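Visitor: Here you go, sequence then predicted model.
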Amino acid sequence: MAQTQMALDSLDFDGTVALATKVAPHVDILEIGTPCIKHNGIKLLEVLRAKFPNNKILVDLKTMDAGFYEAEPFYKAGADICTVLGTADIGTIKGVIDVANKYGKKAQVDLINVADKKARTIEVAKLGAHIIGVHTGLDQQAAGQTPFNDLGMVAALNLGVDISVAGGVKAATTQQVKDAGATIIVAGAAIYGAADPAAAAAEITAIAHGGAASAGGAKKFLPWIIGAAVLVLLFTLLGGKKPEATEAPVVEAPAATAPAAEAAPAPAAEVTAPAEAAAPAPEAAPAAEAAPEAAK
Ligand SMILES: O=C(CO)[C@H](O)[C@H](O)COP(=O)(O)O
């Protein structure tokens, strides 16, 4: 199973809270995006932490210096994950990992603009990074780039760390990135740009949770299946007579859909292509201005 993360990229405080209220039941992680946290500050984290106890919260600090010092207040205020740039000094990255460990939380190293992504990934995984962020930024998306090749390379390293993928991911590409090894699937524009953000989030989460939801559900019925098999074996050995098929406990197949999928209607959300979604132009993107409207 992969987790889903919704990137809240608006500048508008109330609009962000309202959008999070719609989307939170349908995703695992709420991300306070970089422009959003810079504009609104730690107060927004405190509000979201109090309102959404069932979601993890990632603060996309993209720290470049003073890792421990910069990230600590956010972990203290309830962040589960903070990000640090992979291009930062190794000491900065270590600082964020150390402070995450101090609070029992996680540090994500963002590979955006890292020249040698393979070498850096191996280096920071050894250092104890909890999550590697394979990330094609909004400006790179506008230039036509995607995170898919880098995701394949990082996943092939098999380092045993979580892999987050961000950069224009939408419902149509969720299965692809999940199959390629992403354990955290991030979507921003595909959700906040949709006519129905909750439905768009639910659709992505249903795909991301898909496989594991059915596998986990099936496990619940394992004792019944084993019991039925033992009964059949006993009757066969002792009586030489098989029980009628109806005597065995009836095992119903578990529902295959993830909770989030059940909670929302199947959407027909149109999502924009990465390059189209990328530009944070006021009317298209970060919900800055779109969110309050959408969030009513
Ligand atoms: O971190 C970001 C930009 O730096 C975005 O939040 C991230 O790319 C997800 O948004 P989208 O799905 O619209 O690309």
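Guide: Ah, there it is. Numbers count the residues shown, from 1 in each chain.

Visitor: For the stretch 1-150 of the chain, which residues are neighbours of the ligand?
Guide: Within reach of the ligand by CB under 6 Å from any ligand atom, the stretch 1-150 of the chain has these residues: 7, 9, 33-34, 60, 137-138. Bear in mind the C-beta positions are built from the backbone N, C-alpha and C, glycine included.

Visitor: mind listing which of those are in helices?
Guide: Members of those lying in helices (criterion: DSSP state H): 34, 138.

Visitor: Show me what Ile81 bridges to in the sheet.
Guide: Beta bridges link Ile81 to Leu58, Lys106, judged by DSSP bridges.

Visitor: Make 45 the starting number, not 1.
Guide: All set: I'll call the first residue 45, so the last point we hit is now Ile125.

Visitor: quick one: low-confidence parts of the chain?
Guide: The chain contains residues with pLDDT under 70 at 255-274, 276-281, 283-340.

Visitor: so where do the strands sit in it?
Guide: Ranges of strands within the chain are 47-52, 73-76, 100-107, 125-129, 150-154, 175-179, 206-210, 228-231, based on DSSP state E.

Visitor: ranking those by burial, who's on top?
Guide: When these are scored by mean count of other CB atoms under 10 Å, the highest mean neighbour count falls to strand 228-231 (a mean of 29).

Visitor: Put the alpha carbons of that strand into CSV.
Guide: In CSV, the C-alpha atoms belonging to strand 228-231 read as follows (Å, rounded to 0.1, in the frame of the first residue of the first chain):
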residue,chain,number,x,y,z
ILE,A,228,4.1,8.1,-0.5
ILE,A,229,2.2,9.6,-3.4
VAL,A,230,1.9,13.4,-3.4
ALA,A,231,-0.7,15.3,-5.3
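
Visitor: Is there contact, residue-wise, from that strand to the ligand?
Guide: Yes: using CB under 6 Å from any ligand atom, we find that strand 228-231 touches the ligand at 230-231.

Visitor: any idea how far Val158 lies from the ligand?
Guide: 14 Å (CB to the nearest ligand atom, to the nearest Å).

Visitor: again, but for Ala94
Guide: According to CB to the nearest ligand atom, Ala94 stands 23 Å off from the ligand.

Visitor: Next, count neighbours for that residue.
Guide: As a burial measure, Ala94 scores 9 neighbours (other CB atoms under 10 Å).

Visitor: Same check on Leu275?
Guide: 14.

Visitor: and if you look at Ala132?
Guide: Each residue near Ala132 was counted by other CB under 10 Å, and the total is 22.

Visitor: Next up, phi/psi of the residue nearest to it when sequence neighbours are not counted, please.
Guide: Distance criterion CB to CB, 6 or more residues apart in numbering; nearest residue to Ala132, sequence neighbours excluded, is Met108 at 5.1 Å. Dihedral angles of Met108 (phi, psi; degrees, to the nearest 10) stand at phi -120, psi -20.

Visitor: Met108 contacts Gly139, correct?
Guide: No: using CB atoms under 8 Å, Met108 makes no contact with Gly139, being 11.3 Å away.

Visitor: Mind checking which of these two has more residues around it?
Guide: Gly139 (23 against 13).
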